[in-house]
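Novice: Make a model of this:
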Amino acid sequence: MGPVFRLVIILSGLLIIAVCIARWWFWGRVQMRGRRIECSMSVAEMYERLGVTKGKPSELRDATALGITLRDAGLHLLEADGNIIARKRRRGWWNLRVLPALILVILVFSFFNRSFSSMWVVAIGCLLIAAQVAIRVAGISVELMAVKRGWKELEKKGGFRRMDEEEAVLRCARASVWDTVLPW
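Specialist: Model prediction:
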């Protein structure tokens, strides 16, 4: 039984490490570049132009904030179009929000209870977290559809004044889908 648990821990760890590296590669680098690009439109103006109401307006004007806003507004627009998966992706499944904390509580109590092998507890915990990361990675296509939907709506309403702003915001919006792949 020992080698099976080790294999599960290693494969789960490799999946989580690979997703962390992909997140940094696709999102982290683009995010850093996008923070330095100042745009003529603010986050509040973009929400207003796209017709999405948000509670707290922001005056951020960098390409990264606008890209995240475009993705978020696209999810709102997809939800308004009747896309159930977009609603679940935007608000989150209840069990996917609670799962990391629940796993941690169960693992701590199981570890100290000593009724289960500690290797078994760690292997199951790693497997559950890796499964949640895999589910989140599988949902990236919905967020890419949301970016496309938000971009089409923004182009209908006038878009940006400069082409370099459009390219930077769209690049940041596409990359921002990788921001949501980890449960923490």
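Novice: use CA for all of it now, contacts and neighbours both
Specialist: Noted.
Novice: now the chain, which segments are flagged as low pLDDT?
Specialist: The chain contains residues with pLDDT under 70 at 1, 55, 90, 92-97, 99, 184.
Novice: where do the helices sit along it?
Specialist: 2-23, 29-35, 43-50, 63-80, 84-91, 94-113, 118-138, 140-156, 163-175 (DSSP state H).
Novice: elements contacting the shortest one?
Specialist: Just to be clear, that refers to helix 29-35. If you count contacts as 3 or more Cα pairs under 8 Å, 6 or more residues apart in numbering; DSSP states H and E, helix 29-35 packs onto helix 63-80, helix 163-175.
Novice: Any buried residues in it, and which?
Specialist: By neighbour count with 16 or more other Cα atoms under 10 Å, helix 29-35 contains the buried residues V30, Q31, G34, R35.
Novice: Surely the first one is in contact with R174?
Specialist: Spelled out, that is V30. No. At 9.7 Å, V30 and R174 do not qualify as touching, with contact defined as Cα atoms under 8 Å.
Novice: Turn the helices of the chain into CSV, including distance to L182.
Specialist: Listed next are these as CSV, based on distance: least, Cα to Cα, whole Å:
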stretch, distance to L182
helix 2-23, 8
helix 29-35, 16
helix 43-50, 24
helix 63-80, 16
helix 84-91, 13
helix 94-113, 10
helix 118-138, 6
helix 140-156, 12
helix 163-175, 14
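Novice: from the buried residues of helix 29-35, which is closest to A63?
Specialist: G34 (4.8 Å; Cα to Cα).
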